[in-house]
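Participant: What shape does this take:
(one chain, ligands or ions: 3)
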Amino acid sequence: MLLPSSPAKNGSALLDTIQSPADIRQRPISELEELAAEIRSTIIATVSDNGGHLGPSLGVVELTLALHYVFNTPYDRLIWDVGHQAYAHKLITGRRDRFHTLRQYQGISGFPKLSESEYDTFETGHSSTSISAALGMAMGKDLKDDPRLAIAVIGDGSMTAGMAFEALNQAGHLNKRLIVILNDNEMSISPNVGALSSFLSRKLSGRTMRRLKDHLVERLGQLSNVGENILTVLKKSEESFKSFFTPGMLFEALKFDYIGPLPGHDLVDLIDTFETVRDTIQGPVLIHVLTTKGKGYSFAEKDPGTFHGIAPFDVASGKKKSNGKKIPSYTDVFGDTITRIGRTNDKVVAISAAMVAGTGLSTFAETFPDRFFDVGIAEQHALTFAAGLAIEGFHPVVAIYSTFFQRSYDQIIHDVCIPNLPVTLAIDRAGVVGADGPTHHGVFDLSFLRIIPNMVLMAPKDEEELRHMLFTAIGHQGPSALRYPRGIGEQVALTEELASLPIGKGELLRSGDDITLLPVGNRVHPALRAAAGLEKLGIQAAVINPRFIKPLDKDLICQWAERTGRVVTIEDNVRQGGFGSAVLELLSRCGLSGVKTSLLAHPDRFLEHGPQKTLWRNSSINSVAITEAALRLMNQ
Ligand SMILES: Cc1ncc(C[n+]2csc(CCOP(=O)(O)OP(=O)(O)O)c2C)c(N)n1
Ligand SMILES: CC(=O)[C@@H](O)[C@H](O)COP(=O)(O)O
Ligand SMILES: [Mg+2]
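Facilitator: Ligands and ions are numbered 1, 2, ... in the order given. Have a look, this model is predicted:
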């Protein structure tokens, strides 16, 4: 049987004595290895119960200990990019007692939080922000004449985003004291992609290598003072040639000192290097550290993609603790449907921004490798790249989580919607997502997309409607978006045929003369349940599934609003500017401002982490709350 490869000898006896990094600094370095083993066991045990980002956190245990050992945290600012790897950091910065509540409702967050600890210096969740934030802090401390250090820890995946390079570019120019640790495990969520990733691991293609080699040998040969030995060595060996091209060249060109690559699980080496950097380097420096994602838990080391972020699992077998048969999620249905459409429509191309499995695109990618593109963590580029493909006659489907689409807002407006290009946004994880919390809830997309001219915006009531909406979107000759939630669907039967839905037409699901319920997307079924309950109380509720948030079905909605005189809108989105606001605008346009309305939606504040059901209840958008809102409106 495979077990964690380095179980702690004494449970968590040593870890239990650590209240803060100051306690670690008192210890001999020789004890830190046992501490690392205890931290790993604790992380594995907790994540196996609660779910969470296991692989990223296991990979940086030694790095975390070495950083807190050498640098004077929290005075020195330590910024974790994405923040999904900060579990060891949490365990040694005063949160050991609460660690069992990780990612649970009202428990500690899975990401750094300013409100949780003074050691969490920046809030993260979205990637590639750490260098910018650290540079801002470095600049701020200089302006205040404060000698504290700023240290950003960024993964090789996160380093692929433009934002990281924008920050490096400015940092090299400013020449401020800034430490960037590049945590290179050759993995994003899936294996890292792109030219940068090949460069970091020096896996330049044979062709590139030969071309560069021939060029360099020729140029050096023209110089009279180059020794014969260098030329012979270069000519003979590709390996020795490769060593001329180190990953450091890239960062040195950006005016960073480069140190590495270092073995990232060797505490002595890490501590020694960090001390040298701390004591000697005054400008920007990048330390390249090589780590293993999932280090210390054999299942996670072997399958880092699955164990990147995992639901509760059994430690001994590495298997997910799921009960019963696998129910298809919205994501699964999206993935099957786009693959099916791709078989008959060779103009369909799919784009992911480093979330291939998460967005359900793995099968499409395997089936149509030439028509699939993983652009890395580059949501802005993904949209403009899609626009380019659309200009060439393709229909790109860009599948990104709602929260990460926020990064590409200008590209959606400027590059897709103004030229009215046929690009489909497949917006996964729309609505509240659960344990990842406020950085990841997708509760703004209805508000920010419905205001863009040319955009067709829809939300399916179930996984069956999702299929037809995708088909409709791909048949549409302009920009379109469909948003669907995280998790399983309504478990409805899936029909064989795919149908094109009339754009801007909703469906009346239930008639009733007393009140109109207008739920959108995943709120349709709760509204139907509420209508059934209201009927038992003698209230006849009409239920309309608008299907399209833009354009809205003016005739259907205004007709029923006028007939019943009361409308309740329900959405898994913020109230501000959302679907309910769109309905109010429509009622005003139809001269129906006198209709009594109640807008059920998320409030104007960032929502905490917790199960989706809890968050829907808290925001009063579940079926009980819909019933109560309808009753209140009836009594007005
Ligand atoms: C802007 C943005 N896009 C996508 C993601 C989803 N995401 C979270 S972690 C991750 C991979 C990060 O890889 P890396 O930085 O190398 O860290 P590792 O998990 O390998 O430690 C991705 C794509 C995100 N958090 N933010
Ligand atoms: C840290 C991050 O952004 C991702 O790992 C995210 O947590 C994945 O979310 P899902 O579990 O919904 O795919
Ligand atoms: Mg990585």
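Participant: Phi, psi for the one residue in the stretch 501-636 of the chain that gets nearest to ligand 1 please.
Facilitator: Closest contact between the stretch 501-636 of the chain and ligand 1, by C-beta to the nearest ligand atom, is at residue 609 (14.6 Å). Where you see a C-beta, it was placed from the backbone N, CA and C, and this is true even at glycine. Dihedral pair for residue 609: phi -90, psi 150, per degrees, to the nearest 10.
Participant: Hmm, it is touching residue 432, no?
Facilitator: No: counting by C-beta atoms under 8 Å, residue 609 does not reach residue 432; the two are 9.2 Å apart.
Participant: The two: which is more packed in?
Facilitator: residue 432 (30 against 27; other C-beta atoms under 10 Å).
Participant: Pull the contacting residues for the nearest residue to that one once chain neighbours are set aside.
Facilitator: The spatially closest residue to residue 432, leaving aside those adjacent along the chain, is residue 615, at 4.3 Å (C-beta to C-beta, 6 or more residues apart in numbering). Residue 615 makes contacts with 432, 434, 441, 607-608, as judged by C-beta atoms under 8 Å, 6 or more residues apart in numbering.
Participant: who in the stretch 151-300 of the chain is up against ligand 1?
Facilitator: Taking C-beta under 6 Å from any ligand atom, the part of the stretch 151-300 of the chain that reaches ligand 1 is made up of 155-158, 185, 187-189, 293.
Participant: Pick the one among the residues you listed closest to residue 451.
Facilitator: Nearest to residue 451 among those is residue 158, at 30.3 Å by C-beta to C-beta.
Participant: And for the closest one, nearest residue in space, chain neighbours not counted?
Facilitator: residue 127 (4.0 Å).
Participant: mind listing the helices for the stretch 101-250 of the chain?
Facilitator: 130-143, 162-174, 195-200, 206-222, 228-236, 238-242, 248-253 (DSSP state H, counting those that start in this stretch).
Participant: Compare the mean pLDDT across the ones you listed and name the weakest.
Facilitator: Of all the helices of the stretch 101-250 of the chain, helix 238-242 carries the lowest average pLDDT, namely a mean of 56.
Participant: re earlier: now the residue nearest to residue 432: which helix or strand?
Facilitator: helix 612-618 (DSSP states H and E).
Participant: how about the residues of the stretch 301-450 of the chain that lie near ligand 2?
Facilitator: 308-309, 358, 429, 433, 436.
Participant: Please report which of these has the highest neighbour count.
Facilitator: Neighbour-wise, those (other C-beta under 10 Å) top out at residue 429, 28 neighbours.
Participant: Tell me how far the closest residue to that one other than its chain neighbours lies from residue 354.
Facilitator: In space, and not counting its chain neighbours, residue 429 is closest to residue 401: 4.1 Å by C-beta to C-beta, 6+ apart. From residue 401 across to residue 354, the span is 11 Å (C-beta to C-beta, to the nearest Å).
Participant: before we move on, what about residue 510?
Facilitator: 42 Å.
Participant: higher neighbour count, these two?
Facilitator: residue 354 (26 against 17).
Participant: Would you agree that one is in contact with residue 381?
Facilitator: No: judged on C-beta under 8 Å, residue 354 makes no contact with residue 381 at a distance of 11.3 Å.
Participant: Quick check: nearest residue in space to residue 539, chain neighbours excluded?
Facilitator: Counting by C-beta to C-beta, 6+ apart, the residue nearest residue 539 is residue 514, at 5.0 Å.
Participant: The one you found: neighbour count?
Facilitator: 18.
Participant: got the contact list for it?
Facilitator: Residue 514 sits in contact with 534, 539-541, 564, 566, 634, where contact means C-beta under 8 Å, 6+ apart.
Participant: before we move on, what about residue 92?
Facilitator: 15, 18, 20-21, 24, 39, 64-65, 68.
Participant: Which of those residues ranks first by neighbour count?
Facilitator: Counting by other C-beta under 10 Å, top hit in the contacts of residue 92: residue 39 with 29 neighbours.
Participant: Burial check on residue 451, number of neighbours?
Facilitator: 14.
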